[in-house]
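K.L.:
show me how the following folds:
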Amino acid sequence: MNIKFNYLFYLFILLIFVLLIEGLYSYFYFKVSTLFDLIPTKPVSSINSYIWHENGFVEILQNIFLIFSIFYYLIFLKRLNYISKNLVLILFLYSYFFGLIYYFFEEISWGQNFFKWESPTFFLEFNNQKETNFHNITNLFNQLPRSLLLLWCSLSFWIFQLLNKNTKFQNFKYFIFPNKNLKKISFLLIFFVSPDLLVDKLNLHPGYPTDFTTNIRLYEIIDVVSFNFIRLSELHELILDYYILAHTYYLTKNTKLINSYL
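P.N.:
Residues are numbered from 1 along each chain as shown. Have a look, this model is predicted:
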């Protein structure tokens, strides 16, 4: 199992590496185009819309991860032993399922991204992107659940250690951290979140100029170090969704142990 996980994990890291290389090329396009005659020289610094924008490669991959996550979690729920007096745990398990469903449908704007209907009047008026979803209306439905999910996926191994010391929460710990391999994904997520968080909290970014030059500037160095030469939020979501996929997969493999605590 570890060999299989490592193979897929390193393949995922390779994918991220390729995305970052392409992101650097697009971000430094003007500088690169002045070095090679085969590349048309244009004063452009941008993000590849086919990869990072709405319905691009990264977003489609996120949706695929979520679909398989829902599939694995349904298998997990089917295998659960429901003869339990722990209603809090059962409620928690099903809340996670409905959270997955809500997350997936929000990401596809409840089908609008595929079927291309016009948004109802409410969403045209209050949604920042005029789409049929709630997370672009207010931070209460966007930043708050995103931050909670980020904490969950980054610190699950640490939460497991805390619960392991308290007998009252033994029935939660193996749901939260069903396999130690998840720790590797948590570290990957922390690696890509921390630099941007540090730059933001310390207000280190000098801002963006309007002109182009072949010289390397301070803001470009900071953008590279903090991974802001791509749509970083989309990369974060990709890793989060990969974590959720691995988490639900290991739940299906660990159902017997979880059943023993129900």
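K.L.:
mind showing which ranges of this structure have poor pLDDT?
P.N.:
The chain contains residues with pLDDT under 70 at 1-3, 82-85, 166-171, 261-262.
K.L.:
which element follows the helix or strand hosting S194 toward the C-terminus?
P.N.:
Element membership of S194, judged by DSSP states H and E, is helix 182-201. The first helix or strand that comes after helix 182-201 along the chain, using DSSP H and E, is helix 218-225.
K.L.:
list the buried residues in the helix holding S194.
P.N.:
L182, K184, I185, S186, L188, L189, F192, V193, P195, D196, V199 (16 or more other CB atoms under 10 Å). From N, CA and C alone the C-beta is placed, and that goes for glycine too.
K.L.:
Y10: which of these is nearest?
P.N.:
K184 (9.9 Å; CB to CB).
K.L.:
tally of neighbours for the residue nearest to that closest one when sequence neighbours are not counted?
P.N.:
Counting by CB to CB, 6 or more residues apart in numbering, K184 lies nearest to F9, which is 6.0 Å off, once chain neighbours are set aside. F9: 17 surrounding residues under other CB atoms under 10 Å.
K.L.:
surely F9 meets K183?
P.N.:
No: the pair F9 / K183 is not scored as a contact, 11.1 Å apart, by CB atoms under 8 Å.
K.L.:
re earlier: check contacts around the residue nearest to K184.
P.N.:
N181, K184, I185 (CB atoms under 8 Å, 6 or more residues apart in numbering).
K.L.:
quick one: secondary structure of it?
P.N.:
Counting by DSSP: H, G, I helix; E, B strand; the rest coil, the backbone at F9 sits in helix.
K.L.:
before we move on, back to that, take the contacts of F9 and write them to TSV, including distance to F126.
P.N.:
Shown next, in TSV, are the contacts of F9 (distance: CB to CB, whole Å):
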residue	distance to F126
N181	41
K184	40
I185	35
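K.L.:
what's the helix or strand for F134?
P.N.:
F134 is located outside every helix and strand, with elements delineated by DSSP H and E.
K.L.:
what's the angle from the helix holding S194 to helix 218-225?
P.N.:
160 degrees (axes from the mean of the first three to the mean of the last three CA atoms, to 10 degrees).
K.L.:
which residues touch helix 182-201?
P.N.:
9, 13, 150, 153-157, 204-205, 222, 225-228, 232, 235-236, 239-240, 242-243, 246-247, 250.
K.L.:
among the residues you listed, name the buried ones.
P.N.:
9, 150, 153-156, 222, 226-228, 232, 235-236, 239-240, 242-243, 246-247, 250.
K.L.:
among these, which lie within helices?
P.N.:
9, 150, 153-156, 222, 232, 235-236, 239-240, 242-243, 246-247, 250 (DSSP state H).
K.L.:
name the residues that touch the strand or helix carrying N113?
P.N.:
N113 belongs to helix 112-115 when assigned by DSSP H and E. For helix 112-115, contacts defined as CB under 8 Å, 6+ apart pick out E54, N55, I108, S119, E131, T132, N133.
K.L.:
ok, the closest residue to the first one other than its chain neighbours to F105 distance?
P.N.:
Counting by CB to CB, 6+ apart, E54 lies nearest to N113, which is 7.0 Å off, once chain neighbours are set aside. In this structure, N113 and F105 are separated by 10 Å, where distance is defined by CB to CB, to the nearest Å.
K.L.:
perfect, that will be all.
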